[in-house]
Structure formats: structure tokens, C-alpha cells
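Asks: need a structure here:
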Amino acid sequence: MSAATPILALKAVSQTYRLARQSLFAPRPTLTVLDGIDFDVRAGEAVGLVGESGSGKTTLTRMLTGVERPRGGEVLFDGADVWAMDAPARAGFRRAVQMVLQNPRSSLDPRMRVGTSLLEPLRSLRIGGDHLARIHEVLDQVGLSRSALERFPHEFSGGQLQRIAIARALMPNPRVLIADEPVSALDVSIQAQVLNLLKDLVRDLGLGLVFIAHDLSVVAYTTSRVSVMSSGRIVEVGRPLDLFTAPRAEATQSLVGAVLRVETGLAGNALD
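Replies: Model prediction:
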């Protein structure tokens, strides 16, 4: 496969949901959440997806991970339709695309030692090999000591917990990481450390990274290409610097206006 070929792509993806009837004999109304979405990520590339709350980012994430089937369009992994794959190919897709969630405190079992948590993806995905060696390798990649394996989540800071969550996502040796608001629950002083870690993983491991957030400034620091979502559509795509300096879509202008700048103090519009 060519390096220019996307690992993971959405082609004209749409999704609608049936709502409850407003009256006994009325037809059930529908809600369009995604409308003709095109999106992709390549090996060694970090791409951003930004948009206000309710723009459709969560539903798009469910499409990228194969959790939800679109009403229209295709979800492609290495050029093959995810929903037309046989069982072995689908299992390969599940291993290759992994999630890093917003709040590591809620995504890690508080009763489970870190070492056991890191083993879970290998067991659930039935991945063989030297599990301990893989755990040690991943701990080195995220900058954690091996003493972390015997500790419980409550013994770690928020930044350390997010490193553990990233380590767990790396355990199956994925080709794509999807990071959904991965630093929004962290102190500002810790955010840069996690963002730098993600950038290093993209560079060193050749991962594709999809970074999803509502904060354009955070996405701009981490990614080289950004798609802006609004009302279920991608309304603008470009380099972060271009979107900052010359936003065209109204949604992009609102996101840029929400970024706090030192020279303007607290000027700008607050996001919900």
C-alpha cells in the first residue's frame, strides 16, 4: 500500500437516527447527525477534528472505530469496507484502531492494578506473544517506570493516568490512535506533556493520530491538518496556521475567536 493511501477513511458517510413519535399516528421524525462526511488519516500523520458541542464529533468517532454502522457511505480500512469484512479481517481492524478517552480516571478500573489493566487488551483481543515484554516496551514508550505495574490508578496524578491510558491503547500495536479530548480533563501545566508524548508516538512509531477536541489551539499544536465540523458537516479543512489566520467558515471563526491570547487578555468568546 502506498504511503499516500489512507489507513482509515470515511467516504460520504451519513448517519440519521429515528426519534420518538410526537403523536400516536404521526410518522417518526429523523435526526441527521452526519451528512456526507469525508475524512481520512495516513501513517505518520496527525489530523485534527474540531467542532462545538453537538457538531457530530462523537458520532464520527463511533464510525471510525466501527462501533456504529453508517446509514450511508463507507468506512474504509486499508481501502476495504469495514462493514463488508470477514471475521479475521474485522479482528485485525479492531486491533489496529484504538481509542484514548477523555478522562482516564473513568476509563481505568480503580480495583485493578496497572499491570493487569495493560494486559486486558491483549487478552480480550486474543493476542499472543511475550506479554510482559510488550508491557515493558510500551511503558518505555510512554515514559513510565516499571514500578507502575503494581500500583492502582488512585496512586497516580492525572497526567500519569493519561499516560497509562495511552499505554493501554498501544498494547495491541495499533496503526491508528483516536484521541477524544485527551487533555481536556488535565491541568494546563500537564497538557503540553501529554501532547508532546502523542507527537513523539506519531513520529517514532509511524502511527496515524486522529485528535478530536473543541479547542482549536490544542489541536493546532499537535496536528498538521484540521477538519472543522458544524451541524454534522465538515465545513473547512486546512493547515492549523491557515485556519488561525484566515478562517473562512463561520464555525471556524467562532472557534478562533474562543482562543485566549496573551495580548488580548480574556478577550474572546467562551465556548459552551
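
Asks: what about the strands in the stretch 151-272 of the chain?
Replies: In the stretch 151-272 of the chain, the segments counted as strands under DSSP state E, counting those that start in this stretch are 176-180, 208-213, 225-230, 233-238.

Asks: what would these look like in a markdown table with mean pLDDT, mean neighbour count and distance to Leu122?
Replies: No exception for glycine: its C-beta is placed from N, CA and C like everyone else's. Converted to a markdown table, these look like this (pLDDT from 0 to 100; neighbours: other C-beta atoms under 10 Å; distance: least, C-beta to C-beta, whole Å):
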| stretch | mean pLDDT | mean neighbour count | distance to Leu122 |
| --- | --- | --- | --- |
| strand 176-180 | 97 | 23 | 17 |
| strand 208-213 | 96 | 25 | 21 |
| strand 225-230 | 96 | 24 | 32 |
| strand 233-238 | 96 | 18 | 35 |
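
Asks: Present those strands as a markdown table; the columns should include distance to Val138.
Replies: Formatted as a markdown table, the strands of the stretch 151-272 of the chain follow (distance: least, C-beta to C-beta, whole Å):
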| stretch | distance to Val138 |
| --- | --- |
| strand 176-180 | 13 |
| strand 208-213 | 16 |
| strand 225-230 | 27 |
| strand 233-238 | 32 |
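
Asks: For Arg18, which of those strands is the nearest?
Replies: strand 233-238 (20.5 Å; C-beta to C-beta).

Asks: Helices of the protein, start to end?
Replies: Listed in chain order, the helices found in the chain under DSSP state H are 57-64, 87-96, 104-107, 114-124, 131-142, 158-170, 188-205, 216-222, 240-245, 250-257.

Asks: And the pLDDT at Glu263?
Replies: pLDDT for Glu263: 49.

Asks: Next: Asp272.
Replies: 34.

Asks: Give me the buried positions along the helix or strand of the chain with the lowest mean pLDDT.
Replies: Here the helix or strand of the chain ranked lowest by mean pLDDT, DSSP states H and E is helix 104-107, holding a mean of 85. Across helix 104-107, burial judged by 16 or more other C-beta atoms under 10 Å covers Pro104, Ser107.

Asks: Alpha carbons of that helix, in CSV - could you do that?
Replies: C-alpha atoms of helix 104-107 as CSV (Å, rounded to 0.1, in the frame of the first residue of the first chain):
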residue,chain,number,x,y,z
PRO,A,104,-8.5,8.3,32.4
ARG,A,105,-10.0,8.1,35.9
SER,A,106,-13.2,6.8,34.5
SER,A,107,-11.7,4.6,31.8
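
Asks: Now do that helix: everything it contacts.
Replies: The contact list for helix 104-107 (C-beta atoms under 8 Å, 6 or more residues apart in numbering) reads Leu101, Pro153, Gly158, Leu161, Gln162, Ile164, Ala165, Ala185.

Asks: what's the distance between Asp180 and Arg225?
Replies: Asp180 sits 18 Å away from Arg225, taking C-beta to C-beta, to the nearest Å as the criterion.

Asks: swap in Ser53?
Replies: For Ser53, the distance to Arg225 - C-beta to C-beta - is 22 Å.

Asks: Quick check: Lys11 touching Gly72?
Replies: No - Lys11 is beyond contact range of Gly72, at 9.9 Å (criterion: C-beta atoms under 8 Å).

Asks: quick one, which of these two is more surrounded?
Replies: Lys11 (17 against 14; other C-beta atoms under 10 Å).

Asks: In space, what's closest to that one - neighbours in sequence excluded?
Replies: In space, and not counting its chain neighbours, Lys11 is closest to Glu74: 4.6 Å by C-beta to C-beta, 6 or more residues apart in numbering.

Asks: Could you check how many residues crowd around that neighbour?
Replies: By other C-beta under 10 Å, the residues close to Glu74 number 16.

Asks: now it: how far from Asn103?
Replies: Glu74 is 31 Å from Asn103, by C-beta to C-beta.

Asks: next one: Ala12
Replies: Distance, Ala12 to Asn103, by C-beta to C-beta: 32 Å.

Asks: which one of the two has more residues nearby?
Replies: Taking other C-beta under 10 Å, Ala12 and Asn103 do not tie; Asn103 has more neighbours (16 against 13).

Asks: tell me the phi and psi of the more buried one?
Replies: Backbone torsions of Asn103, given as degrees, to the nearest 10, read phi -120, psi 100.

Asks: Thank you, goodbye.
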